[in-house]
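Participant: sequence plus predicted model, see below.
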Amino acid sequence: MKDIVNPVSRRAFLKTGATLAAGIVAGMPLSQAIWAAEGKVLKVGWRINPATFDPGFYVLNHEVDVMSCIYSKLTRYKPGSQWGWELEAAEKIEKVDPTHIRFRLKKGIKFTGGHGELTARDVKFSFERVIKRNSPVKSDWGSLDHVDIEDDYTGMIVLKTPYAPLWLISLPFGVGHILSEDAVTKATKDGGTFGTKPPAFSGPYVLADWKPNQYTVLTRNPEWSGPMPGFDEIRLLSIPDAKARERAYQAGDVDFTDIGLDSLATFKNDPPVDTKVEEYQDLGFTWIGMNLDHPKLKDINVRKAIQWAINVPQILDAAYSGQAAPSTGIIPPGMIGHRDTGLVPPEGDVEKAKEFLEKAGVAGLALTIDCLNDSTSSTIAQAVQAQLSQIGISLEINLQDSGSFWTLGVETEGERWKDLQLILEPYASLPDPYYPTSWFVQSLVGTASNWERFRSERYDQLAAEAVTMDDPNARAKLYHEMQDLMEDSGAYRFLTHGGTAIVYRTTRMQTATRPDGYPLYLDFKTV
């Protein structure tokens, strides 16, 4: 559900561009990073810095925002308040039986660079490439076995077993993007990742310019013959800090951005002129994890003491000004598998926490917590530090930049995973319970996820079974148990699903978003 504020009038915010310039683009004047606002230009403040434009190897959800503009998919998310999909490159798609999905492509979709028309052969190549290569998002395709080609425009997606998330994750999101087989094989020789250098485009936009930690620029694709998007150009400024994005909007440097929940009340009560403020239920989840393999945390009584010592509402008041609700797990309200309550109440219980610590026979325990170096994460970590001190645990806070943080628990990146103790982790998610639960299977211990090193045969069994079910009630029961297993291990203290708040200028655009507030740039219109 979203809450919209459409102000009639208010006093204008003071311009703060000079202050912001030093923070957005190191060493570059802000005017050079943004250019002059000529033509139909959409200027966006962006929270994440893209590291790849290869849909078979994406890491961040925001990278897919760009991919959705420069490539084509069989289907895409439908804008609005309800989760659903609609046709994009497919003229028709149908479920023949639980393991066979037939598609027929629209004719006339061209790849740039003289790589020809998009055909069923390109679909086969793109989908099978993800499961055949060492892709970090291979699991998004679930039980995909192969794609059969029936003719130039018709094919059959063949699954090994039924896979319910295909309709809301595989096809309309990252791994559903279709690449040119000819272009990718010529660029990479073996069909591997091309990273930040796409060899061909097939969407309404092309990647015109990109500078790490600075900006991404998309311009119209002159070879695109489909419905024209509303803007001639999209300029995405990489601004990791929410406060900096807010200042950029107030200064007029961007016309669309998300804002921190701790600023939501201020923007709603006194929004900038010609601004809409919209609030959405987020699918993401934030929690405090504990490394089960660290000597100080091997005793479950120590872990449970930490769980019960943490007062979630107090943390959310401090970090989000009361604008975020406690979570009961990793599956948000409204999604199949959401739990009404968790095993540990949000407020915790300090006396119960002390009992667990006494049972462990531990005194004078000193621990560390690693987190991102943004203001919200820092505030959460400080609140946890104060709460654990109430039961005699001292906590040292290690602030990490994003490049360092997201490799902490990855075994292939070195030995740092052995030193991890507590970790404050925020994850983005997608609209099927498979997605948030998929990160915690045993096979992902020590990879880009499962830094808690959580291992449960029962959890893995339930995860494999749940994706084959069509009955939402039956699926929900399995996901309830999976979250119980996570929490009962003592390795997790669930905090919040947060929320998404966006602001944009009504004099510049009409927006379109997913139900969770993520922008669908192709459906933005000028005014």
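Facilitator: Here it is on my side, so go on. Since this is a predicted model, take the numbers as computed values, not measurements.

Participant: tell me which residues of the helix or strand residue 186 falls within come out buried.
Facilitator: Applying DSSP states H and E as the criterion places residue 186 in helix 181-188. Buried residues in helix 181-188, counted by 16 or more other CB atoms under 10 Å: 181-185, 187-188. To be clear about C-beta, it is placed using only N, CA and C from the backbone, and glycine gets the same treatment.

Participant: other SSEs contacting it?
Facilitator: Here helix 181-188 touches helix 120-132, going by 3 or more CB pairs under 8 Å, 6 or more residues apart in numbering; DSSP states H and E.

Participant: and the helix it packs on, what does it pack against?
Facilitator: Going by 3+ CB pairs under 8 Å, 6+ apart, helix 120-132 lies up against strand 100-105, strand 144-149, strand 154-159, strand 177-178, helix 181-188.

Participant: kindly export that helix (C-alpha atoms) in CSV.
Facilitator: Extracted C-alpha coordinates of helix 120-132, given in CSV (Å, rounded to 0.1, in the frame of the first residue of the first chain):
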residue,chain,number,x,y,z
ALA,A,120,14.1,-18.2,-30.4
ARG,A,121,17.7,-19.2,-30.8
ASP,A,122,18.7,-16.1,-28.8
VAL,A,123,16.2,-17.1,-26.1
LYS,A,124,17.7,-20.5,-25.9
PHE,A,125,21.2,-19.2,-25.7
SER,A,126,20.4,-16.6,-23.1
PHE,A,127,18.5,-18.8,-20.7
GLU,A,128,20.8,-21.9,-21.0
ARG,A,129,23.9,-19.7,-20.7
VAL,A,130,22.9,-18.9,-17.1
ILE,A,131,22.6,-22.5,-16.0
LYS,A,132,25.7,-23.7,-18.0
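
Participant: and the spatially closest residue to residue 203 that is not a sequence neighbour, its phi and psi?
Facilitator: Nearest non-adjacent residue to residue 203, counting by CB to CB, 6 or more residues apart in numbering: residue 70, 4.6 Å away. Dihedral pair for residue 70: phi -110, psi -10, per degrees, to the nearest 10.

Participant: tell me the pLDDT of residue 70.
Facilitator: Residue 70 is assigned a predicted lDDT (pLDDT) of 98.

Participant: test my guess that it contacts residue 206.
Facilitator: Yes. Contact criterion CB atoms under 8 Å: residue 70 and residue 206 qualify, at 6.0 Å.

Participant: any idea how far the residue most central in space within the chain lies from residue 337?
Facilitator: The residue lying closest to the centre of the chain (CA atoms, centre = their mean) is residue 428, at 3.1 Å. Residue 428 is 17 Å from residue 337, where distance means CB to CB, to the nearest Å.

Participant: before we move on, what about residue 53?
Facilitator: Taking CB to CB, one finds residue 53 at 32 Å from residue 337.

Participant: so where's the protein uncertain?
Facilitator: Applying pLDDT under 70 to the chain flags residues 1-39.

Participant: please name the residues that touch residue 369.
Facilitator: Residues near residue 369 by CB atoms under 8 Å, 6 or more residues apart in numbering: 288, 381, 384-385, 395-398, 421-424.

Participant: which non-adjacent residue is nearest it?
Facilitator: residue 422 (3.9 Å).

Participant: beta partners for that neighbour?
Facilitator: In this structure, residue 422 has the following beta-bridge partners (DSSP bridges): residue 290, residue 369.

Participant: and the one 5 residues further on, by the same measure?
Facilitator: Partner residues in beta bridges with residue 427: residue 285, with DSSP bridges as the criterion.

Participant: quick check, it in contact with residue 284.
Facilitator: Yes. Counting by CB under 8 Å, residue 427 touches residue 284, with 5.8 Å between them.

Participant: so these two - more neighbours on which side?
Facilitator: residue 284 (20 against 15; other CB atoms under 10 Å).

Participant: immediately after the longest helix along the chain, which helix or strand?
Facilitator: If you go by DSSP state H, the chain has its longest helix at helix 472-488. Following helix 472-488 in sequence order, the next helix or strand is strand 492-496 (DSSP H and E).

Participant: tell me who's in contact with the closest residue in space to residue 226 that isn't next to it in sequence.
Facilitator: Of all residues not flanking residue 226 in the chain, residue 204 sits nearest, at 6.7 Å (CB to CB, 6+ apart). Contacts for residue 204 were tallied using CB under 8 Å, 6+ apart; they are 69, 220-221, 224, 226-229, 522.

Participant: spell out the residue ranges of the helices in the stretch 151-300 of the chain.
Facilitator: 181-188, 242-250, 264-269, 300-309 (DSSP state H, counting those that start in this stretch).
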